[in-house]
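J.: need a 3D model of the following:
(chains A and B)
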Amino acid sequence: MSTAILNETAQHEVHGEAHHEHHHQETFLTKYIFSQDHKMIAKQFLVTGIIWAFIGGLFSVVFRLQLADPNATYPFLEDFLGHWAKGGKLQPEFYYALVTMHGTILVFFVLTAGLSGTFANFLIPLQIGARDMASPLLNMLSYWFFFLASIIMLSSLFVQTGPASGGWTIYPPLSALGEASQGSKIGMDLWLVSMAMFIVSSLLGGLNYITTILNMRTKGMSMTRMPLTIWALFFTAVLGVLSFPVLLSGAILLLFDRNLGTSFYLSDIVVAGKIMPNEGGSAILFQHLFWFLGHPEVYIILLPAMGMSSEILSVNSRKPIFGYMAMVGSLFAITILAFLVWAHHMFVTGLNPFLGSVFVLLTLLIAVPSAIKVFNWLTTLWRGNIRFTPAMMFAIGFVSLFISGGLTGIFLGNSALDIHLHDTYFVIAHFHIVMGVASFFGLFAGVYHWYPKMFGRYLNNTLSYIHFWITIVGAYLIFWPMHYEGLAGMPRRYYDFSNWESFKNFGGLNQFISIIAMLVFAAQILFIINFFYSIWKGRKVTTLNPWNANTLEWTTPIRPGHGNWPGDIPEVHRWPYDYAKDGKDFIPQDVPVGDDESKH
Amino acid sequence: MEKEVIKPKNKIHPHKFTLWVGIGSIVMMFAGLTSAYIVKRNQSGWVSYDLPIAFYYSTIVIILSSLTVHLAEKAFKVREMSKYRKLIALTLFLGLIFTVTQFFGFKEFWKMGMTLQANVSFSFLYVIVGLHALHIIGGVIAMIVMSLKAFSSKSRSYSIVPVQLISTYWHFVDILWIYLLIFLIMIK
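T.: Residues are numbered from 1 along each chain as shown, chains lettered A, B, ... in the order given. I've put the predicted structure just below:
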């Protein structure tokens, strides 16, 4: 017992700062704006993420208008967009700007910062039993760098030549030469500076998440007793900390090429009849640096959704998660493989076919841990006492989308098939389902599940179910037909398909997709209304543990203050998945193990 | 109950651990740059070059500074504060000297016609060495703060953690420089 006490004093020393702050009087500024409380920072990330998601989603609605009928004019567009929609018709340059910004915003600002920024901040200290992050100051800075990045990116929408428009992957030479297009001028510089700030933000966040998980767990919380959410957020942070710096180096070289006349990525280029002076660079080099981040980024987006869905599926099936160690192992395997598959985005760049086949093999290997996860989710659900809460619906929806989208990954991971499918709508369909919409479902599941902990109130259930059904049906209706378009060879990023005899046939289908996209966007507005309305007017939470869950966050007061637990931090005696055990529905982690208790 | 006895595992201070993860992150950035360098090196149009002499001087300076920061940490541990003050100030001074010699190295390089735009190989040198120098400047700024604290009569700092942090970081940028130097000599 003496060692236990010793440990507690060590803990107190570590948490000394947090305790100290707890007693300070909080003003509006320190509580809501420059807060160092991980829960408030999580909410800041979430609300900023929601604003970005609205903007990014709106962009997709606008460019879907163009794709629905390339020859139609919408006079109201000119009122909003001015010369970008002259005569009510979206200009090609602005169409490209919209798809570029849609990708950038959704991938980085919403599904990276909005997803892991929110839930890593919110859940890590609460679920491992810590008073705050290892460094609350770095944590606050992480949000403010994100905010700065947001402001810079937002301002790029208002410069005269428009925002970056070379696609979210910003391949040079298009992105490296201001002469190349309108969007390659100042908009591109702002994009790069904003992303540099964004990278700093995610690094500061990631450092904190890793340190907190490894160093600040409460007594008894061994690594194998951590909820799967924490494992997933841990691997996400590892991926971010190791891959974002490589994108940073790529972006720095690009900034040099753009502004200081170097030629890292440029060689033998003629723009509008003018021969550029740049010699000796290689555009492919950028793709290597970009995709070395770009592929792990996919898992940075996906892993938190996986972790949260695992937790939510178990809680609402009233059953232990099936194959806990296999779940952790598969997360680990995905993390390792994430770094070894980047060139599968580059099969058509003239890559050595032998190298290509190595990347095919490594890519297809990802199917193994993915299949383990799917199998375990389904077996967790199997014969469970399922409660169809909105969070549960979204978690099941996540599994569904992950399967549908994952299967097409097997097509694309094959270099021979990829020659045909590369840069077609098949790719769009694949990554939107498996990474975009699936991760959004994880995000929604998380928000619906932890909303009572975040705000002390419930979301409106009816609105939540409407939101779910429109979104899941809509997502499939939007992206399923795109597979066929892609197989028929319809290329992505085209402004107008009406000039091609072979793609004209898809006019009706494109119209259908656009209408559904608008409907789904409307459903998201419903969610946003529900979200903000319920913060102030939602039904109040009256019990500490509304979902009867085992994890530690539900042992805090309904509205926990800075420091999370008013008294001592609870001790942990068991793993978080003791559901339906020894005749009991659930046994929280802080309940000591009884003498006659069976082992899990 | 005996199952629940947990040994005190929090041996490493969270801030130190954060620094180590951060170092991993910086390593990845330079790994990205140096692998890009290797890829380019094997393509046509690469020009080999010799490193400016000033870079070798700066290597001696930074190794010395690693030594002084190590001694400063040792002095702090046994609470010989006046010795610590002198050593931390000396390290700061050496850090500045390093930055200056690097600058002269660049100048020398530039004068020989190896400008930023002249060839990709030179561009790489400027970016890689320049980014390293930025990391040195970051360390120098931290060291200025440390020195101000050490010489201030108002603040009495008893925690060794900041000293250990700066020392670890400084050794890291030292080793990083030696790696870069050897890399640039070997692969040119």
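
J.: can I assume residue A:188 is in contact with residue A:175?
T.: Yes. Counting by Cβ atoms under 8 Å, residue A:188 touches residue A:175, with 5.5 Å between them. For the C-beta atoms, the positions are set from N, CA and C on the backbone; glycine is no exception.

J.: overlap in contacts of those two?
T.: The contact sets of residue A:188 and residue A:175 overlap at A:164, A:166, A:258 (Cβ atoms under 8 Å, 6 or more residues apart in numbering or on different chains).

J.: between those, which sits nearest chain B?
T.: The nearest member of the shared contacts of residue A:188 and residue A:175 to chain B, counting by Cβ to the nearest Cβ, is residue A:258 at 12.7 Å.

J.: shouldn't the closest one be in contact with residue A:179?
T.: No. With contact defined as Cβ under 8 Å, residue A:258 does not reach residue A:179; the gap is 10.9 Å.

J.: who has more neighbours, those two?
T.: The residue with more neighbours, out of residue A:258 and residue A:179, is residue A:258; 21 against 12, by other Cβ atoms under 10 Å in any protein chain shown.

J.: which of the helices or strands spans the more buried one?
T.: Assigned by DSSP states H and E, residue A:258 falls within helix A:228-259.

J.: ok, now how distant is residue A:295 from residue A:578?
T.: Taking Cβ to Cβ, to the nearest Å as the measure, residue A:295 falls 37 Å from residue A:578.

J.: would you list the shared contacts of residue A:188 and residue A:175 in CSV and tack on pLDDT and distance to chain B?
T.: Below are the shared contacts of residue A:188 and residue A:175 laid out as CSV (pLDDT from 0 to 100; distance: Cβ to the nearest Cβ, whole Å):
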residue, pLDDT, distance to chain B
A:164, 94, 22
A:166, 91, 20
A:258, 93, 13
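
J.: need those in CSV (columns: distance to residue A:232).
T.: Below are those laid out as CSV (distance: Cβ to Cβ, whole Å):
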residue, distance to residue A:232
A:164, 31
A:166, 32
A:258, 37
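
J.: report how many residues lie close to the closest residue to residue A:408 other than its chain neighbours.
T.: Spatial nearest neighbour of residue A:408, chain neighbours left out: residue A:430 (4.3 Å); criterion: Cβ to Cβ, 6 or more residues apart in numbering or on different chains. Residue A:430 has 25 neighbouring residues, counting by other Cβ under 10 Å.

J.: my read: residue A:430 touches residue A:412, true?
T.: Yes. The criterion here is Cβ under 8 Å, and residue A:430 meets it with residue A:412 at 5.8 Å.

J.: residues near residue 79, how many?
T.: Just going to use chain A. Neighbours of residue A:79 using other Cβ under 10 Å come to 10.

J.: correction: the question concerned chain B.
T.: 10.

J.: repeat that for the one 10 residues further on.
T.: When neighbours are defined as other Cβ under 10 Å, residue B:89 has 18 of them.

J.: so it is in which element?
T.: helix B:81-111.

J.: can that helix be found next to chain A?
T.: No. If you take Cβ under 8 Å from any Cβ of the partner chain as the test, helix B:81-111 misses chain A, and the best it gets is 13.1 Å.

J.: which elements pack onto that helix?
T.: Helix B:81-111 is packed against helix B:53-77, helix B:120-151, helix B:161-186, with contacts defined by 3 or more Cβ pairs under 8 Å, 6 or more residues apart in numbering or on different chains; DSSP states H and E.

J.: those: which one's closest to residue A:552?
T.: Shortest distance between residue A:552 and these, using Cβ to Cβ, is found for helix B:161-186: 27.9 Å.

J.: now the strands: where do they sit in chain A?
T.: In chain A, the strands defined using DSSP state E lie at A:270-271, A:274-275, A:579-581, A:584-586.

J.: partners of the second one in the sheet?
T.: Spelled out, it's strand A:274-275. With DSSP bridges as the test, strand A:274-275 is paired with strand A:270-271 (antiparallel).

J.: quick one: contacts of the strand it pairs with?
T.: With Cβ under 8 Å, 6+ apart, strand A:270-271 has contacts from A:177, A:179-180, A:276.

J.: what of stretch A:230-238?
T.: A:116, A:119-120, A:123-124, A:127-128, A:205-207, A:209-210, A:213, A:299-300, A:303-304, A:306-308, A:310, A:327-328, A:331-332, A:334-335.

J.: now do stretch B:123-138
T.: A:249, A:252-253, A:256, A:262-264, B:26, B:29-30, B:33-34, B:36-37, B:40, B:49, B:55, B:62, B:95, B:98-99, B:102, B:105-106, B:109, B:114, B:116-117, B:173, B:176-177, B:180, B:184.

J.: and the nearest residue to residue A:549 once chain neighbours are set aside, how many neighbours does it have?
T.: Nearest residue to residue A:549 in three dimensions, chain neighbours excluded: residue A:315, at 4.7 Å (Cβ to Cβ, 6+ apart). Neighbours of residue A:315 under the rule other Cβ under 10 Å: 27.

J.: low pLDDT regions in the chain?
T.: Just going to use chain A. A:1-25, A:599-600 (pLDDT under 70).

J.: my question was about chain B, not that one.
T.: Filtered on pLDDT under 70, chain B yields the residue ranges B:1-11, B:155-157.

J.: next, work out how far apart residue B:56 and residue A:398 are.
T.: From residue B:56 to residue A:398 the distance is 57 Å (Cβ to Cβ).

J.: now swap in residue B:103 and tell me
T.: Residue B:103 is 54 Å from residue A:398, where distance means Cβ to Cβ.

J.: I'd assumed residue A:210 was in contact with residue A:241.
T.: Yes. Proximity of residue A:241 to residue A:210 meets the contact threshold set by Cβ under 8 Å, at 6.7 Å.

J.: quick check: neighbours shared by the two?
T.: residue B:21.

J.: and the two? which has more neighbours close in?
T.: Comparing residue A:241 with residue A:210 by neighbour count (other Cβ under 10 Å), the higher total belongs to residue A:210, at 27 against 22.

J.: quick one: buried residues of stretch A:538-551?
T.: Judged by neighbour count (16 or more other Cβ atoms under 10 Å in any protein chain shown), stretch A:538-551 contains these buried residues: A:538, A:541, A:545-547, A:549-551.

J.: next, the contact list for residue A:177, please.
T.: Going by Cβ under 8 Å, 6+ apart, the list of residues near residue A:177 reads A:184, A:258, A:266, A:269, A:271, A:276.

J.: can you do 10 Å?
T.: Residue A:177 is in contact with A:184-185, A:188, A:257-258, A:265-266, A:269, A:271, A:276, A:278, counting by Cβ atoms under 10 Å, 6 or more residues apart in numbering or on different chains.
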